[in-house]
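> the sequence and its predicted three-dimensional model are supplied below.
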Amino acid sequence: MSGAAAGARTLACRLLAHRTVLLIALFAAALAAAWAAGSGHGAALVARTALLALAAASLSFLIGQAGLVSFGHAAPLGIGAYCVLILGEYEVRNILVVLPAAFAAGAAFAAITGLVALRTRGIYFIMITLAFAQMMFYVAASLSAFGGDDGMAIAGRSTFFGDRILRTDTQIAVWAVALLAAGLVLLERISASRFGLMLRTGRENEAKLEALGLDPFRHRLIALALASGIAGVAGAMLANQVDYVSPSLMNWHISGELIVMVVLGGAARISGAVIGAIVVVALDEALAPFTAHWKLGLGLVIVAAVLLRGADIGALIGRPAKAPDHG
Amino acid sequence: MADPVLTLERLSKSFSALAVTQAVSLDIRPGEIHALIGPNGAGKTTLVAQVAGALKPDSGVISFAGRDVTALGVAARARLGLSRVFQISNVVGGFTALENVMVAIIAAGDGPFRMGRRALADAGLREQAHAALDAVGLAGRALVAAAQLAHGERRALELAMSLAQHPRLLLLDEPMAGTGKAEGERLAGLLLALKGRIPMLLIEHDMDTVFRLADRVSVLISGALAMTGAPEAVRRDPLVRAAYLGEDEAV
Amino acid sequence: MSSALVISQLLNGLQLGVILFLVAAGLTLVFGVMDFINLAHGVQYMLGAYLVATLVAWTGHFGLGLLLGLAAALALGFAMEFLVFRHLTRRDHLDQVLGTFGVILVVTEAVRMIFGPAPLALPTPAVFSGSIALFEGFNYPTWRLVILAVGLGVALLLWYLVNRTRMGMLVRAGSTHPATVSALGVDIDRLFLCVFAFGAMLAGLAGAMAGPLVSVEPTMGDRIVIIAFVVVVVGGTGSIKGAFVAAMLIGMVDTLGRAFVPDLLRAFLGRSAAATAGPALSSMLIYLLMAAVLSVRPSGLFGRRAS
């Protein structure tokens, strides 16, 4: 809350003290390094991390801000990916159509299932989101026209009015990092807004919020739709990156890993999910070359992290999320 | 006489065989403090829950601000201006006092769906919230987390949250419970200062407070209304003395 | 469609129902007693199948292998409760989700390391390997009837345990009035331990019974446990009766849906439209059922009413 006369220097300092800005700068630097080294693998890694981070950040908005522990966030991710596949089969590849469609499809799925899921609380909500996501998994697997169980290759990557803007790994990575930045700014902005404050109040003390005159149902439904729309966009970009879409994107293990990213990085702030995504992808990259069983390591890390956190800080989610401007 | 703010008409509620509210009728006139007293187990808490909308009565009508609100839920009644101060202080512990009041203002309808501007940096909102804190003597504690406030201060904070919503009626559920002597005195002073401006339904155990603040007193015994009258009349009533005040004097 | 087909699908539905019940029984009690969400319950189903398959191969005798396998599943249940789960019961749901998800990753991967990714064979015991002519012109696999009998037997046993024994009363009371039970001086942690290990054994039994029908592989628990969640949600947490009714309902709806919905759709839609929509709709049925039940009763068919 510094005065209006903040000079360029203080502005720069404030920006660099801002964790989100730092993280985006980190992504940009990694991308630049990969580009300079001519490493396609490096750029692809940056892109994948950024897109998983985007999906995890949207889940963090649900868990950390709204207090909604969704175990079905892989569903909108996969729905977004299927948008690319299905629209591509109908020759629709313009990214200005594909990404909004992925957002709308993810949001619509969440809005419809949310009408039922948000009537419940606690473990019911967790199980119901999981069940609806599993439903989408089976629906996708039954779409024999689109590859069924095995999935199929997309007809072509998204374009900008025919211009092939996602041809190289680097191009995809640039889009991925830009979308991550936009997503983080949007989610943090909303978290700090009146809408976000109402969400957090509903998470902390639902009875009081109702006594104050606000039933949090609509806020939660909007938050669920928004976060799922963003996950849909991330899924659409992931489909572009690997040129392939299959039901395995909606496997519940993906939902679980997204939760892992959110919690490992800290759910109190949106940017924590980005850190969590970096950690999980790094763990994958570091362990996968040595053993096919790297998930064993990931599992041990998760169990240890949960068990070792003391009971008092175990209530991470109960802690108020900080306003996202404190760096 | 002006129309009552709140009217209960033959409100009844049973839990299986137990009739906890029996045909209770009562009204609250503009500007008055109406106290509801009764021995433990008389059904005060259940009655408050029905007035607030947390519990549906089996039969009877609740009218508030000129309309039938019997079918409305907690949030809808609150939006009409029925503001409840809980028996156990109910604030968001992790938020500062200022944030708590801002939440109250927004929840009352001041743009709860706005997503653009930062809520906590909104000068107009902060000003209103500060004013509400000022009015209950918490001006210096605005940036303290609500969980760190003393018990009496949390009570005052809850009152500030209610006042910031410009309520048509305050529903006070044992505001003096658990407060120390000095704190209770301060709180009673606050309520006295509001007297005449905002009508209140005051559920209270502490008789000194009741007889000092209330314009009228209703006595609830075993779920039914035993009498309603001026404090002096209630104090002298032999039935009330036997059922209720007697136990006080015996102590 | 012939009546034989309908009857065999009905029996298949019942058989899926009892398997689901065996898995969901432990889940729902653990939810009920401790408000604890155990995603790793499917792991116990999978472990049961692996343990029994291994021990049957080792002893060369199905019954003996099954008994030893169940004992081992029970022991593993105690061990896992001691190592991990008891430390999670008083945490928030997010920690429980995370911790039990970690357990899934560890156990699934460990099994894959030990046994390899290829499915393990669990042969049907020779006496039950054929099929029985239930009536003229209708044969049904004997093993599936055995599963039905075992499942219904366990359901009866559970009904007896929960309704007629002191332990069962405590479990029932614990799932509805946890505060009262601990006020009575009952050690709720020990209760949880017993319920958890017993539930693990039931899930293991389900895995072992299903083993000869499906392939025994590291991820076999994933599919079943999510449907078991649906069962628990539909039945209402903490309710054995709810779990039984919901398991039968969902076993039936899923089996009959997959068998007949495509045919039914063909009567209304064109052949090609039905070919596309049929499988999708039939795989959605149980989730739509769940949504319908929850719309009317947010805490399930036999659940406590949310206050």
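That came in fine, so what should we check first? What you see is a predicted model; the values in this text were computed from it and never measured.
> contacts only, for the closest residue to A:A75 other than its chain neighbours.
What sits nearest to A:A75 in space, not counting adjacent residues and going by CB to CB, 6 or more residues apart in numbering or on different chains, is A:A133, at 3.8 Å. All C-beta atoms are positioned from the backbone trio N, CA, C, and that covers glycine. Residues touching A:A133, when contacts are defined by CB atoms under 8 Å, 6 or more residues apart in numbering or on different chains, comprise A:71-75, A:250, A:252, A:255.
> so of the residues you listed, which ones are in helices?
In helices, defined here by DSSP state H, the members of those are A:74-75, A:252, A:255.
> greatest separation within the residues you listed: which pair is it?
A:A75 and A:W252 (9.3 Å; CB to CB).
> who's more crowded, the two?
Using other CB atoms under 10 Å in any protein chain shown as the criterion, A:A75 and A:W252 rank with A:A75 on top: 33 against 23.
> re earlier: between A:A75 and A:W252, what contacts are shared?
Jointly contacting A:A75 and A:W252 under the rule CB under 8 Å, 6+ apart are A:133, A:137.
> lowest confidence element among the helices and strands of the chain?
This is for chain A. Here the helix or strand of chain A ranked lowest by mean pLDDT, DSSP states H and E is helix A:8-16, holding a mean of 69.
> wrong one, I was asking about chain C
With mean pLDDT, DSSP H and E as the measure, the helix or strand of chain C carrying the lowest mean pLDDT is helix C:178-183 (a mean of 70).
> burial count for the spatially closest residue to B:A164 that is not a sequence neighbour?
The spatially closest residue to B:A164, leaving aside those adjacent along the chain, is B:A132, at 3.9 Å (CB to CB, 6+ apart). Around B:A132 there are 26 other residues, counting by other CB under 10 Å.
> same question, B:L149
Counted by other CB under 10 Å, the residues lying close to B:L149 total 21.
> pLDDT at it, what is it?
Per-residue confidence (pLDDT) for B:L149: 90.
> which residues touch stretch B:66-83?
With CB under 8 Å, 6+ apart as the criterion, stretch B:66-83 contacts A:210-215, B:3, B:6, B:51-54, B:56-57, B:60-65, B:84, B:108-109, B:162, B:165-171.
> adding pLDDT, write the ones in helices among the contacts of A:A133 out as JSON lines.
As requested, the ones in helices among the contacts of A:A133 are arranged in JSON lines below (pLDDT from 0 to 100):
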{"residue": "A:A74", "pLDDT": "97"}
{"residue": "A:A75", "pLDDT": "97"}
{"residue": "A:W252", "pLDDT": "91"}
{"residue": "A:S255", "pLDDT": "95"}
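> can you redo the residues you listed as JSON lines with distance to C:D95?
Putting the ones in helices among the contacts of A:A133 into JSON lines (distance: CB to CB, whole Å) gives the following:
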{"residue": "A:A74", "distance to C:D95": "20"}
{"residue": "A:A75", "distance to C:D95": "23"}
{"residue": "A:W252", "distance to C:D95": "18"}
{"residue": "A:S255", "distance to C:D95": "16"}
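> ok, and does the least confident helix or strand of chain C reach over to chain A?
No - in terms of CB under 8 Å from any CB of the partner chain, no part of helix C:178-183 sits within range of chain A; the closest distance is 14.0 Å.
> could you list every helix and strand in contact with that helix?
For helix C:178-183, the elements it packs on are helix C:166-176, helix C:188-210, judged by 3 or more CB pairs under 8 Å, 6 or more residues apart in numbering or on different chains; DSSP states H and E.
> now do the contacts for B:A230.
B:215-217.
> host element of residue 101?
As the question left the chain open, I've gone with chain A. Counting by DSSP states H and E, the element that carries A:A101 is helix A:95-117.
> actually, chain C is the one I wanted.
C:F101 is part of helix C:93-115, with elements assigned from DSSP H and E.
> is chain A contacted by that helix?
Yes - on the criterion CB under 8 Å from any CB, helix C:93-115 is in touch with chain A at C:93-95, C:97-99, C:101-110, C:112-113.
> among these, name the buried ones.
Using 16 or more other CB atoms under 10 Å in any protein chain shown as the burial test, these include C:93-95, C:97-99, C:101-109, C:112 as buried.
> any idea of the pLDDT on the residue nearest to B:A164?
The per-residue pLDDT reported for B:A132 equals 93.
> who touches the helix or strand harbouring B:A233?
Here B:A233, judged by DSSP H and E, is contained in helix B:231-236. Helix B:231-236 has contacts (CB under 8 Å, 6+ apart) with B:35, B:37, B:210-211, B:214-217, B:219, B:227, B:240, B:245.
> return the residues of the stretch 151-251 of chain B in contact with chain A.
Taking CB under 8 Å from any CB, the part of the stretch 151-251 of chain B that reaches chain A is made up of B:161, B:165.
> quick one, strands of the stretch 151-251 of chain B?
Remark: strands of the stretch 151-251 of chain B, listed N- to C-terminal, are B:169-173, B:200-203, B:216-221, B:224-229; assignment by DSSP state E, counting those that start in this stretch.
> where do the helices of the stretch 201-307 of chain C begin and end?
Across the stretch 201-307 of chain C, reading from the start of the chain, the helices by DSSP state H, counting those that start in this stretch fall at C:220-235, C:240-268, C:271-296.
> quick one: closest of those to chain B.
With distances scored as CB to the nearest CB, the stretch of those nearest to chain B is helix C:271-296 (18.0 Å).
> if we can go back for a sec, could you dump whatever helix or strand comes next after the least confident helix or strand of chain A to CSV, C-alpha only?
For helix A:8-16, the succeeding helix or strand toward the C-terminus, using DSSP H and E, is helix A:19-36. This file holds the C-alpha atoms of helix A:19-36, laid out as CSV (Å, rounded to 0.1, in the frame of the first residue of the first chain):
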residue,chain,number,x,y,z
ARG,A,19,6.7,-14.5,-5.6
THR,A,20,4.5,-14.9,-8.6
VAL,A,21,6.6,-12.5,-10.7
LEU,A,22,9.7,-14.3,-9.7
LEU,A,23,8.3,-17.7,-10.6
ILE,A,24,7.2,-16.4,-14.1
ALA,A,25,10.7,-14.9,-14.5
LEU,A,26,12.1,-18.3,-13.6
PHE,A,27,10.0,-20.0,-16.3
ALA,A,28,11.0,-17.3,-18.9
ALA,A,29,14.7,-17.7,-18.0
ALA,A,30,14.5,-21.5,-18.2
LEU,A,31,12.8,-21.2,-21.6
ALA,A,32,15.4,-18.7,-22.8
ALA,A,33,18.2,-21.1,-21.7
ALA,A,34,16.5,-24.0,-23.5
TRP,A,35,16.1,-21.9,-26.6
ALA,A,36,19.7,-20.7,-26.5
